[in-house]
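J.: Predicted model and sequence follow; I will ask about them next.
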Amino acid sequence: MASRVDTPTTSELITYLESKCCALELIHRTQSMKVTSAPSRSSPSTSKVSKPPYSNVATQLQCPLCNGSHRLFKCDKFNKLTPRQRLTQVKQLNLCFNCLHLFSKNHTCSTQVCRQCHKRHHTLLHIDKQNAINDKRSTRSDPQADAKGITTAEVNTYCSFKGRPKNHILLATALVEVRNKAGQYVQCRALLDSAFQSHFITERCVQHLKLSRTQRHASIQGISNVNTATHHSVSIHLRSRHTDWHTTLDCAVLSNITGTTPSTQLDPISWNLPKDIKLADEHFDQPGGIDILIGADIFFEILRSGRRTRPGNYPVLQETVLGWTLSGWTPALSQNDTQCTFLLRDDSLEHNLNRFWEVEAVEQSSMTAEQQACEEHFVTHTT
């Protein structure tokens, strides 16, 4: 029986088994590598076909970062780095994000997943959301990131709180005509907002117009880090009801843009609105849904020089190519709760990389009745 001194410790046994496993893996891989010798010119008449020789080569386990005799995930130098620095090192060393092995033609990845978020990447590369936000703020001014073409697009707008204010703030809305799939124009309600860098359209409006979609992924983050995402975009052609102005917009598809606007019924009788103007939205005082959000891309393009104000808490009349819009303070209401809309769009590299890791996620496609009927016909009549 072996003495206590000869018995290896648990860590020594694990190290020994790992080295043996790596050696066996290398032997297994090199068995498929065959070195074919070039034919000899001195014996052209020889017709024998010899079996190409091959050799088995076993190399010692080596860390790709410090060249030590251990795996990367056991490297002290690697473990001292932050998750983002580890990710950078892995990309520079051309390693697999999941198993941290070098990519090769016959690369076989591990089936393990992250222990923190259960996604397809190594646990040492897991980045918390809060840390990711702080890192984004600190790296936006990094010239190296700019040189690599890493850009972050943000869309921000109103930030308010729930309460009972004395006055209501009216948002500028307009009724526009949007062309549907059949080439006919349908009236839709749009919200004009210069604080947005993109345009949005609701899922309901897309289905009503029967427009074709294009896959386009974007992350939208709201107040208190409330996240949502949009996976499609559509191209719409809209025109004014009062002028010959028209344009084409690329809009991201959302299930809902904002709540009813205005949030409560208004009483504009005492406002003494001019009778000689054409309003962009004749129903501005009635709560209603928003189909389209028009951002800063064309916001200032549709403005005209006309502007009318009235002393006191009354909205401002602004002339646009869509008609006259009303926005701003309104006379005091008996009771009301303010509402806020806040969107932040992030097309950063980190987000796209996280989506690449989420291989298990299956996107739920939304189809029209016509598309559903086509798919059912295909399944029924195809074997």
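T.: Received the coordinates, thanks.
J.: quick one: the strands in this protein?
T.: 168-170, 173-179, 185-192, 199-202, 214-221, 227-239, 246-254, 292-294, 303-308, 316-320, 323-330, 344-346 (DSSP state E).
J.: Save the ones you listed as TSV, and put in distance to Gln112, mean pLDDT and mean neighbour count too.
T.: Every residue, glycine included, has its C-beta placed from N, CA and C. Putting the strands of the chain into TSV (distance: least, Cβ to Cβ, whole Å; pLDDT from 0 to 100; neighbours: other Cβ atoms under 10 Å) gives the following:
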stretch	distance to Gln112	mean pLDDT	mean neighbour count
strand 168-170	53	85	20
strand 173-179	49	96	21
strand 185-192	47	95	19
strand 199-202	39	93	24
strand 214-221	26	83	16
strand 227-239	26	90	17
strand 246-254	35	93	18
strand 292-294	43	94	23
strand 303-308	57	92	12
strand 316-320	57	94	19
strand 323-330	55	92	20
strand 344-346	28	52	19
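J.: and these as CSV, adding distance to Pro274?
T.: Formatted as CSV, the strands of the chain follow (distance: least, Cβ to Cβ, whole Å):
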stretch, distance to Pro274
strand 168-170, 16
strand 173-179, 17
strand 185-192, 20
strand 199-202, 30
strand 214-221, 39
strand 227-239, 25
strand 246-254, 26
strand 292-294, 24
strand 303-308, 7
strand 316-320, 7
strand 323-330, 8
strand 344-346, 38
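J.: Find the residue closest to Leu87 in space, skipping its chain neighbours.
T.: Nearest residue to Leu87, sequence neighbours excluded (Cβ to Cβ, 6 or more residues apart in numbering): Leu125, at 5.2 Å.
J.: how deep is the one you found tucked in, by neighbour count?
T.: Leu125 has 19 neighbours, counted by other Cβ atoms under 10 Å.
J.: quick one: it and Thr88 touch, right?
T.: No. Assessed by Cβ atoms under 8 Å, Leu125 is found out of contact with Thr88, at 10.2 Å.
J.: who touches both of those two?
T.: Jointly contacting Leu125 and Thr88 under the rule Cβ atoms under 8 Å, 6 or more residues apart in numbering is no residue at all.
J.: Which residues are in contact with Arg86?
T.: Taking Cβ under 8 Å, 6+ apart, we find Arg86 in contact with 78, 124-125.
J.: so how far is Gly68 from it?
T.: 16 Å (Cβ to Cβ, to the nearest Å).
J.: Same question for Glu301.
T.: Using Cβ to Cβ, Glu301 is found at 61 Å from Gly68.
J.: again with Arg204
T.: Counting by Cβ to Cβ, the gap from Arg204 to Gly68 is 59 Å.
J.: The two: who's more crowded?
T.: Gly68 (15 against 12).
J.: Test my guess that the more buried one contacts Phe78.
T.: No. Gly68 is not in contact with Phe78 according to Cβ under 8 Å; the separation is 10.1 Å.
J.: Now do the helices in the stretch 251-383 of the chain.
T.: For the stretch 251-383 of the chain, the helices defined by DSSP state H, counting those that start in this stretch cover 296-299, 349-357, 369-381.
J.: per-residue pLDDT, Thr46?
T.: Note on Thr46: pLDDT of 43.
J.: follow-up on the earlier one: by mean pLDDT, show me the worst of the helices of the stretch 251-383 of the chain.
T.: Of all the helices of the stretch 251-383 of the chain, helix 349-357 has the smallest average pLDDT, which comes to a mean of 61.
J.: How about the contacts made by Thr261?
T.: With contact set as Cβ under 8 Å, 6+ apart, Thr261 has these partners: 171, 173, 191, 287-290.
J.: Give me the buried subset of these.
T.: Using 16 or more other Cβ atoms under 10 Å as the burial test, the contacts of Thr261 include 171, 173, 191, 290 as buried.
J.: a markdown table for those residues, including distance to His283?
T.: Listed next are those as a markdown table, based on distance: Cβ to Cβ, whole Å:
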| residue | distance to His283 |
| --- | --- |
| Leu171 | 13 |
| Thr173 | 9 |
| Leu191 | 13 |
| Ile290 | 12 |
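J.: so which pair among those residues is furthest apart in space?
T.: The span of the buried ones among the contacts of Thr261, defined through Cβ to Cβ, is set by Leu171 and Ile290 at 8.9 Å.
J.: so what's in contact with these two at the same time?
T.: Common neighbours of Leu171 and Ile290 (Cβ under 8 Å, 6+ apart) are 191, 261.
J.: State the distance from Asn180 to Lys74.
T.: Applying Cβ to Cβ, the value for Asn180 to Lys74 is 61 Å.
J.: pretty sure Lys278 is in contact with Trp324, am I right?
T.: Yes. Proximity of Lys278 to Trp324 meets the contact threshold set by Cβ under 8 Å, at 6.5 Å.
J.: Tell me how far Thr123 lies from Cys117.
T.: Distance, Thr123 to Cys117, by Cβ to Cβ: 9 Å.
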